[in-house]
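> here's a sequence, model it:
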Amino acid sequence: MAISKNSVRVQFTLNLDKPKEKQIVEFLDGCMDPNSSIKEIIYNYIVSNGGVKLPLVTPIKVSECDTKLLTVSKSDNVNKNIVTQSDEKPHEVSELEMNELEELSKFI
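Next up is the predicted model:
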């Protein structure tokens, strides 16, 4: 297959000594066309997240003072029967998408 002018090559190396990467290799070994499988998984992951880049989460240390401020007081006066309405319907995720997300989450 010829590479077009608009093609972009992405290359990465998997280390079999790392459990997550070994699992990727085992998964790809079971694929008829690993390149297409990788593209499909990445595309479905992006589409299922609405094309929004997920922010990186960096751990922070919470001081004892901050912990006290973050403590939520309990109240017996809370109405647990409140229902909200929204015009926006949640995206229904197919079983295939769930399986792909589950497989991808193992590598993140």
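> residue boundaries of the helices in the chain?
Using DSSP state H, the helices of the chain run over 19-29, 34-48, 64-70, 95-105.
> show the average pLDDT along the shortest one.
Translated: helix 64-70. Average pLDDT, helix 64-70: 56.
> do you know which of the helices of the chain lies nearest residue 3?
The closest of the helices of the chain to residue 3 is helix 34-48. By Cβ to Cβ, the value is 12.4 Å. Just so you know, the C-beta spots here come from the backbone N, C-alpha and C atoms, and that holds for glycine as well.
> ok, residue 97 - contacts?
Residues near residue 97 by Cβ atoms under 8 Å, 6 or more residues apart in numbering: 44, 48.
> before we move on, what about the one 10 residues further on?
Taking Cβ under 8 Å, 6+ apart as the definition of contact, the neighbours of residue 107 are 20-21, 23-24.
> how about low-confidence regions in this structure?
The model of the chain has pLDDT under 70 over residues 1-2, 50-93, 108.
> cutoff 50 now
Along the chain, segments meeting pLDDT under 50 span 73-74.
> quick check: phi and psi at residue 32.
Backbone torsions of residue 32, given as degrees, to the nearest 10, read phi -70, psi -40.
> count of neighbours near it?
6 (other Cβ atoms under 10 Å).
> picking that back up, which of the contacts of residue 107 tops the neighbour count?
Among these, the one with the most neighbours (other Cβ under 10 Å) is residue 24, at 20 neighbours.
> ok, that one to residue 32 distance?
Distance, residue 24 to residue 32, by Cβ to Cβ, to the nearest Å: 16 Å.
> as CSV, the helices of the chain with distance to residue 9 would be great.
Below are the helices of the chain laid out as CSV (distance: least, Cβ to Cβ, whole Å):
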stretch, distance to residue 9
helix 19-29, 17
helix 34-48, 11
helix 64-70, 46
helix 95-105, 21
